[in-house]
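Asks: Whatever this is, show me its structure:
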Amino acid sequence: MIGVEWVRTMARYNTWQNDQVMTAIRRLPHAELTADRGAFFGSVLGTLNHIVWADMLWMSRFDGGPGPEVSQKQSAGTFPTGGAWEAARFKLDGRIRIWAAGLREIDLVGDLTWHSADDNATYRRSVGLCVTQLFNHQAHHRGQVHAMLTAIGVDPWVTDLPMLPGN
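Replies: The predicted structure is shown next:
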C-alpha cells in the first residue's frame, strides 16, 4: 500500500505544514486563537490540540512511546496556549520524523491491533492503512484550521505537497 519513502516524505510535509501554522498563529491574540468558530473542536487552538492528541495516540501504537493522557473528548483542551501547543507540536514532529527515518519496508507490512479506550473496542487493521490515517487525519484538521484562519484574515500558507521544500 505505502512505502518508507512515502512515509518519510509525509513526515517532512507534516513538519513543514506545522511550521507554517506556528508562524500564522504567533500573530494571533489568545482570544482569536481560542474563539469558538463552530468547528468540530471549537477553536483554532482546540483543533490544533486535537491533532496533537491524535498524533500522539497513533505514534504510541507505532513506536511504543507515550500516548495522550486524556480522552478524545478532552483533546481540544490539552494545551491552553499557542506557545504550549507549539512546544508540544515541535517535539512530536521530531518524534514522527525519527520514527519515519528508522522504518524498514517490512515495518509497514501486516496488521496493527489496538484497544480504543474511547469506544471500548479492539481493532485490527493493516499497518499501511493506519500510517496513512496518521497523515490523512493531520491534513484534514489542518485544512479546517486553514479555513478558520483565512476567515479571520490570516494569510493562508502553501499547502500543496509538490511545493514541499527539497522536492
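Asks: ok now do the residue of the chain positioned farthest from its centre, which residues does it touch?
Replies: The centre of the chain is farthest from one residue, Ile106, which by Cα atoms, centre = their mean lies 24.0 Å away. If you count contacts by Cβ atoms under 8 Å, 6 or more residues apart in numbering, Ile106 has none. Heads up, the C-betas are built off the backbone N, CA and C, glycines and all.
Asks: Can you say which helix or strand has Ile98 in it?
Replies: Ile98 is part of helix 82-101 when elements are defined by DSSP states H and E.
Asks: Contacts for that helix, please.
Replies: The contact list for helix 82-101, computed with Cβ under 8 Å, 6+ apart, reads 4, 7-8, 10-12, 14-15, 18, 21-22, 25-26, 28, 30, 33, 45, 48-49, 52, 55-56, 59, 62-63, 65, 78-79, 134.
Asks: switch the cut-off to 7 Å
Replies: 7-8, 11, 14-15, 18, 22, 25-26, 33, 45, 48-49, 52, 55-56, 59, 62-63, 65, 79 (Cβ atoms under 7 Å, 6 or more residues apart in numbering).
Asks: Check the offset of the very next helix or strand once past it from the chain's centre.
Replies: For helix 82-101, the following helix or strand on the C-terminal side (DSSP H and E) is strand 111-116. Distance of strand 111-116 from the chain centroid (Cα atoms, centre = their mean, to the nearest Å) equals 19 Å.
Asks: Quick one: name whatever helix or strand follows the helix or strand in which Asn18 is found.
Replies: Secondary structure from DSSP H and E places Asn18 in helix 4-26. Moving toward the C-terminus from helix 4-26, the next helix or strand (DSSP H and E) is helix 30-34.
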